[in-house]
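In: After the sequence you'll find the predicted model.
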Amino acid sequence: MKMPAASTGLAGPGAMMRMHLYALDALRHYYTDAKRFVLHSVLNEGKRAADLARDCGARLVPAPEFWGSGLDAVIIASPNEMHFEHLSLAIKASIPRIYVEKPVCCGEREWHGLCELAAEAGSKKLSIQIGFQFLQSAAFQKGWSILHEGGIGDPVSFSGEYLHQSYLNSAWRKERTWRLRERPVGGAMVDLGSHVLSGLVSLLGPDLTAVHAAGSHLFEDIPAKCDMDSVAILRDGRSGAFGTLRASRVSAGSGDLLRFQVFGTQGSLCISTEHPDEVRCADASGNRSVIPTARGYPGSTFPPGHVPSGWLRSLVHAHARFWGISEDDGPLPDLDHALHVQRILNDLISQIQPP
């Protein structure tokens with residue numbers, strides 16, 4: 001099915017929006033049914049927005065006109081504290097397709113407001129997708145399928161962790177003060193822990209609850225409520241299994257490591273960015289196996305299956321699903337999914353105490 005040209009608006013001029021533009025351009029190479037997009041307008045948010053509009057050949061438009069211009073789609077990659085406002089405006093404007101980066105909102109008050117807006121979005125039949133693009137990696141989709149088909153039995157325990165190392169460097173911290181915001185806008189639990197929660201909610205279901213959380217501050221040059229390394233204990237209400245979550249910006253040697261492990265009554269599985277094109281499994285006797293997943297992107301004919309994938313590949317497939325190019329049955333981070341993630345996240349960050 002050929003996808004019609006879509007008039008698309010861009011809200012947010014930062015680095016993440018540049019990655020979305022890469023994904024939009026790459027779609028036509030990966031998926032034969034994709035077309036180029038009409039980049040209609042960029043929300044006017046200062047010089048960086050003007051630079052973005054110039055670079056992609058779109059109009060720079062003030063807020064009232066932007067939200068009322070009859071867009072077919074909008075990509076929201078603005079700062080975290082603007083996500084709720086921009087998503088609300090997009091829903092009120094009845095924009096048919098809305099892609100918004102995580103976290104979908106900041107704090108309890110905005111979460112309640114978004115729960116109310118979800119009904120309006122549903123009645124308008126708006127397609128809303130959240131920027132938990134790791135769920136679209138072929139390895140995650142395969143691991144999800146194994147778990148949901150009963151391949152490892154019922155969950156006994158689980159873990160999820162997302163580890164970075166860059167913030168050990170004081171120069172890095174100094175150059176990125178805008179990332180060092182206090183909870184609930186910033187911090188390791190919000191920035192990285194939300195991705196972990198998204199994966200765990202997809203794997204185990206929405207009945208996860210927060211048992212306990214704690215975080216480390218570490219440095220004097222960052223705000224007191226900006227956690228650098230946080231841990232949490234979670235409980236899955238459906239199976240009764242307990243598990244752990246870790247989110248860290250200061251784990252030396254980790255690079256960009258996202259890993260999920262689920263241990264079940266009949267086996268276990270591991271999904272990790274350390275081995276992005278495979279799922280590692282074991283049966284109840286301890287026999288191990290590796291399931292390759294490089295060919296696991298429905299609708300895609302490029303590149304060949306032996307070519308290793310990277311982080312941006314999952315973002316491209318996220319857009320393929322957002323635009324209806326690829327149809328598969330794997331987990332999709334819609335608004336309902338994001339609200340479950342945010343509910344747990346709110347509970348966790350409320351438990352992390354400042355130093």
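Out: Noted; the coordinates are in hand.
In: Quick check: pLDDT value at the residue sitting nearest the centre point of the chain.
Out: For the chain, the residue sitting closest to the mean C-alpha position, by Cα atoms, centre = their mean, is residue 132 at 1.7 Å. We note a pLDDT of 97 for residue 132 in this prediction.
In: Test my guess that it contacts residue 334.
Out: No: contact between residue 132 and residue 334 fails when scored by Cβ atoms under 8 Å: they sit 10.1 Å apart. C-beta here means a position set from N, CA and C on the backbone, and glycine is covered the same way.
In: Run a quick neighbour tally on the closest residue to residue 105 other than its chain neighbours.
Out: Setting aside the residues directly before and after it, residue 105 is nearest to residue 84 in space (Cβ to Cβ, 6 or more residues apart in numbering), at 4.0 Å. Burial of residue 84 is recorded as 21 neighbouring residues (other Cβ atoms under 10 Å).
In: Tell me how far residue 84 lies from residue 55.
Out: 27 Å (Cβ to Cβ, to the nearest Å).
In: And residue 324, by the same measure?
Out: For residue 324 relative to residue 55 (Cβ to Cβ), the value is 27 Å.
In: How about residue 158?
Out: Taking Cβ to Cβ, one finds residue 158 at 43 Å from residue 55.
In: The two: who's more crowded?
Out: The neighbour comparison of residue 158 against residue 55 (other Cβ under 10 Å) goes to residue 158, with 24 against 13.
In: helix/strand/coil for that one?
Out: strand (DSSP: H, G, I helix; E, B strand; the rest coil).
In: Tell me the bridge partners for it.
Out: Listed by DSSP bridges, the beta-bridge partners for residue 158 are residue 243, residue 262.
In: My read is that it contacts residue 264, right?
Out: No: with contact defined as Cβ under 8 Å, residue 158 does not reach residue 264; the gap is 9.2 Å.
In: hmm, back to that, return the backbone torsion pair for the residue nearest to residue 105.
Out: Dihedral pair for residue 84: phi -60, psi -50, per degrees, to the nearest 10.
In: is it true that it touches residue 106?
Out: Yes: contact status for residue 84 versus residue 106: in contact at 6.6 Å, counting by Cβ under 8 Å.
In: So what sits opposite the closest residue in space to residue 254 that isn't next to it in sequence in the bridge?
Out: In space, residue 254 comes closest to residue 163 once its chain neighbours are excluded; the distance is 3.7 Å by Cβ to Cβ, 6+ apart. Beta-bridge pairing for residue 163 (DSSP bridges): residue 248, residue 257.
In: in what helix or strand does residue 41 lie?
Out: strand 38-43 (DSSP states H and E).
In: in its sheet, what does that strand sit against?
Out: Strand 38-43 has these strand partners (DSSP bridges): strand 7-11 (parallel), strand 59-61 (parallel).
In: hmm, who's touching the last one?
Out: The one in question is strand 59-61. 9, 40-44, 49-50, 53, 69 (Cβ atoms under 8 Å, 6 or more residues apart in numbering).
In: List the buried residues for it?
Out: 60-61 (16 or more other Cβ atoms under 10 Å).
In: which is the next helix or strand following that strand?
Out: As assigned by DSSP H and E, the chain's next helix or strand after strand 59-61 is helix 63-67.
In: right, and the strands paired with strand 38-43 - which one's nearest residue 95?
Out: strand 7-11 (7.8 Å; Cβ to Cβ).
In: now that closest one: mean pLDDT?
Out: Here the average pLDDT along strand 7-11 is 95.
In: from the chain's centre, how far out does it sit?
Out: 19 Å (Cα atoms, centre = their mean, to the nearest Å).
In: Mind giving me the packing neighbours of the helix or strand following it?
Out: Note on strand 7-11: by DSSP H and E, the next helix or strand toward the C-terminus is helix 15-30. Secondary-structure packing of helix 15-30 (3 or more Cβ pairs under 8 Å, 6 or more residues apart in numbering; DSSP states H and E): strand 7-11, helix 47-56, helix 311-322.
In: neighbouring contacts of the last one?
Out: The contact list for helix 311-322, computed with Cβ under 8 Å, 6+ apart, reads 19-20, 22-24, 26-27, 30-31, 34, 97, 99, 127, 129, 131, 133-138, 140, 256, 273, 297, 299-300, 326, 328, 332.
In: Please point out which parts of that helix sit buried.
Out: Per 16+ other Cβ under 10 Å, helix 311-322 contains these buried residues: 313-322.
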